[in-house]
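Undergrad: Quick one, structure for this:
(one chain, ligands or ions: 1)
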Amino acid sequence: MATVTLKGLSKSFGKTHAVRDLSVDIADGEFFVILGPSGAGKTTTLKSVAGLVDVDGGSVTIGGKDVTLVEPYNRNVAMAFESYALYPQKTVSENLASPLKSGRTGKYTDAQQKERIDQVTTTLGINHLLKRFPRELSNGQRQRVALGRVLVRPADVYLLDEPLSHLDAKLRAAMRAELKQLGAMSKTTTVYVTHDYQEALALGDRIAVLREGALVQIGTPEDIWRRPADTFVARALGQPEINLLDGEVEDGRIRLGGGAFDVPVPAGVDVRGGDRVRVGLRPCDIHVVGQRADDSGPRLTGTVTLAERLGRNVELTVGVGGEQLIVLSSGREGVDEGGQVTMTVAEHDIHVFAAGEGDTSRLGTGHGSGRTRGGLEEVEAAQ
Ligand code: ATP
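TA: Predicted coordinates for the structure are as follows:
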């Protein structure tokens, strides 16, 4: 068990600033997720904690001890990479047992070792593979065994780099539910890297969103989902991506779509008449009327230009004024291409950002308070 503190961490490769002045405090036993697109600096951050890259500036502290200059094998961290490092000549069972036989963990009795291995193999669904050799495994199975090798080993900190990336969507969803239940993990500080926002929302006690090596936002899944700090974070979470519309404030409302429709200025957003803003509306927060009996809030009417079934939802492209809105509908409203739809969006689901090119900041403290239903389970259900 240990805290992890990064202070002013920086690392460049030539002209590429992989990590820029990154400071975070990770609590003892916390499940901390680093989320960002490819090249955001996630792996470099993880390797800096492990001691696998020499940082250019800043410090890494584990359990109150500055380990910036300490060799990796003396940091007592266990790291799983996206690629799977297994001994080819050993069975799965031997691969899993070997980290427990090293000097540092030699204090475990055979019974304790067996218990740890049993727990991890059950959680990862690999106990039927114990006698096989790595060459006899699929990529997904190999990845789970490699993750198992990390998790059987008691460590102060687990560092996991996209450990579920080679699993199919169904198995990944099942595994992320199981992972958090795993005793070893629930007690050990874990830093988990992913570019999958659903994985981040499901697993993280807190999430740090990185962009081009810099921290953009840090908070609980609830914070990040409900109050994205800027349009980059808002776009990074949610599939399909959040709708971003240019608007102008007038009489306490925001006119959108060239004046074709408007939404109220949400509580906590300090803007004046004439101000230009950008409004973010998530596809899963726009409800076709009829979908929910108690819908209130602004109503918008538009024409469906495209209706595409995605699993249990139908993704609608709706022309409203001069704008194209993406809407996730349940498909039960009988909406067809070419038809008219009326939609509502609740005031607390309206995100307001500064006007401008590129990514811009959230305005005001925004919504999030007083919301009584929904929550992140709604996010999952909507996907
Ligand atoms: P991904 O999700 O694709 O793994 P990431 O967020 O983990 O990306 P990093 O692997 O940390 O990103 O890389 C951050 C930046 O640093 C990238 O632009 C990458 O090309 C660069 N980089 C990383 N390692 C090296 C290296 N050893 N030599 C040169 N450039 C590197």
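Undergrad: Who are the packing partners of the longest helix along the chain?
TA: Ordering each helix of the chain by length in residues (DSSP state H) puts helix 110-124 first. Using 3 or more C-beta pairs under 8 Å, 6 or more residues apart in numbering; DSSP states H and E, the elements in contact with helix 110-124 are helix 92-101, helix 139-151, helix 169-179, helix 183-187. Every C-beta, even on glycine, is put in place using the N, C-alpha and C of the backbone.
Undergrad: where in the stretch 151-300 of the chain is pLDDT low?
TA: 182-186, 290-298 (pLDDT under 70).
Undergrad: Now with 80, please.
TA: Counting by pLDDT under 80, the ranges of the stretch 151-300 of the chain that qualify are 166, 174-186, 290-299.
Undergrad: the helices in it, which residues?
TA: 169-179, 183-187, 197-203, 221-226, 231-236 (DSSP state H, counting those that start in this stretch).
Undergrad: rewinding a little: need the residues that contact the longest helix of the chain.
TA: The contact list for helix 110-124, computed with C-beta atoms under 8 Å, 6 or more residues apart in numbering, reads 93, 96-97, 100, 108, 127, 130, 144-145, 147-148, 151-152, 154, 175, 178-179, 181-184.
Undergrad: on that earlier part again, so which of the helices and strands packed on helix 110-124 is nearest the ligand?
TA: With C-beta to the nearest ligand atom, the closest approach to the ligand among the helices and strands packed on helix 110-124 belongs to helix 139-151: 14.9 Å.
Undergrad: now the residue in the stretch 151-300 of the chain that the ligand sits nearest to, nearest residue through space, not along the chain?
TA: Here the stretch 151-300 of the chain gets closest to the ligand at one residue, H195, 5.2 Å apart by C-beta to the nearest ligand atom. Once flanking residues are discounted, H195 sits nearest to P37: 5.8 Å by C-beta to C-beta, 6 or more residues apart in numbering.
Undergrad: Now that that neighbour has come up, it's in contact with D196, right?
TA: No: counting by C-beta atoms under 8 Å, P37 stays clear of D196, with 10.9 Å between them.
Undergrad: Which one's more surrounded, the two?
TA: Neighbours per residue (other C-beta atoms under 10 Å) separate P37 from D196, with D196 holding more: 18 against 14.
Undergrad: Out of the helices and strands packed on helix 110-124, which is the most enclosed?
TA: helix 139-151 (a mean of 23; mean count of other C-beta atoms under 10 Å).
Undergrad: Noted, bye for now.
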